[in-house]
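Chemist: Build me a model:
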Amino acid sequence: MIIGSKIYHQNKIYNSLDWAKENIDNAPDGSIFIADEHEKARARQGRPWIFNKGQLAITIILKPQNINSIKHTNLSLRLNQLNMAITLGILKILRKYDIELKWSNDFYYKGKKLGGILSQVIWKNNSIIGIIFGFGINVNNEIPKLDNKYYKAISIKEITGKKIDKNELEKNIFKSIDLFYKKWLDQKYNEIFLEWRKNQDYIGKTVTVHRQDTSWITGIFKDVLENGDMVLKKGSEKFLIPFHVVDNLY
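Modeler: Here you go, the predicted structure:
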């Protein structure tokens, strides 16, 4: 397996993304970073994320050998499809709990968020030296009650009514991510996209998107493009919502 080629573990760190970045030069492809406690965990757009020990919080460094041979015009597309591959690897294991994929890469159960993924491309001297993926999943943690009509969360323990073997779940997710990562390395890009598209559970439904410019837009989620962009229809107009630019989808 590539995923898990080396495992870094600490009892407590500031946050795993910075920790992984500090080790980017020496960590091999597929390295995993796990900490028992995070002081300042981060979500997308630099937002804070409250860490609980019952959560599964994993950071992975990928260093695909072919990344810098990809044509510049295709690079953004291939990186987005790599994100799709990692997302599918996680989703395949979570589907047994009836978890849905909510565009772009969040995991939901009946309108409540279970987890999500973020990624960061690391450059040096005009070359990519690694891609860091971080994901968090509510497994056995208690969900705090927040006065926020847009954010409702849930854990697998709450869904199943029993405590989950977090180590076993972690192991299965690593194996699944490894399979999808190898598909991407084998350049099975269209196969990855089509499976990711098939798993977009909100296609055809009315959604409200909070965009990066802080504006809101509501419409019908019509489709996704090869690069992951959402096609949103509002009345007679169509809008493209960029794959990695969106803040939140409710």
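Chemist: For the chain, give me the ranges with low pLDDT.
Modeler: Along the chain, the model assigns pLDDT under 70 to residues 39-51, 146-151, 244-250.
Chemist: Domain boundaries for it, per the record?
Modeler: 7-198, 206-249 (automatic domain parsing).
Chemist: Mind putting those domains into CSV with distance to M1 and mean neighbour count?
Modeler: All C-beta atoms are positioned from the backbone trio N, CA, C, and that covers glycine. Shown next, in CSV, are these (distance: least, CB to CB, whole Å; neighbours: other CB atoms under 10 Å):
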stretch, distance to M1, mean neighbour count
domain 7-198, 5, 17
domain 206-249, 26, 15
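Chemist: Strands of the protein, residue ranges please.
Modeler: 7-13, 31-38, 55-62, 100-102, 106-109, 112-124, 127-138, 206-210, 216-224, 230-234, 237-241, 248-249 (DSSP state E).
Chemist: Adding distance to W196, write those strands out as CSV.
Modeler: Output for these, formatted as CSV (distance: least, CB to CB, whole Å):
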stretch, distance to W196
strand 7-13, 27
strand 31-38, 23
strand 55-62, 17
strand 100-102, 8
strand 106-109, 13
strand 112-124, 12
strand 127-138, 15
strand 206-210, 17
strand 216-224, 8
strand 230-234, 12
strand 237-241, 16
strand 248-249, 15
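Chemist: From the rest of the structure, what touches stretch 188-204?
Modeler: 77-78, 81, 84-85, 87-88, 91, 100-103, 108, 180, 183-184, 220-224, 226, 228, 249 (CB atoms under 8 Å, 6 or more residues apart in numbering).
Chemist: contact partners of stretch 162-177?
Modeler: For stretch 162-177, using CB under 8 Å, 6+ apart, the contacting residues are 1, 3-4, 32, 54, 56, 58, 60, 86, 89-90, 92-93, 137, 139-140, 156-157.
Chemist: Could you tell me which of these belong to helices?
Modeler: Among those, the members found in helices (DSSP state H) are I86, G89, I90, K92, I93, I156, K157.
Chemist: Endpoints of stretch 53-68, how far apart?
Modeler: 37 Å (CA to CA, to the nearest Å).
Chemist: need the contact list for the residue lying closest to L77 once chain neighbours are set aside.
Modeler: Using CB to CB, 6 or more residues apart in numbering and skipping the chain neighbours, the partner closest in space to L77 is N227 (4.9 Å). N227 sits next to S76, L77, N80, Q81, F243 when contact means CB under 8 Å, 6+ apart.
Chemist: how much space between N227 and N74?
Modeler: 10 Å (CB to CB, to the nearest Å).
Chemist: With F243 instead?
Modeler: With CB to CB as the criterion, F243 and N74 are 15 Å apart.
Chemist: give the contact list for the nearest residue in space to L91 that is not next to it in sequence.
Modeler: Among residues not flanking L91 along the chain, L101 sits closest, at 5.4 Å (CB to CB, 6+ apart). When contacts are counted by CB under 8 Å, 6+ apart, L101 touches T87, L91, F107, Y108, W196, N199, Q200, D201.
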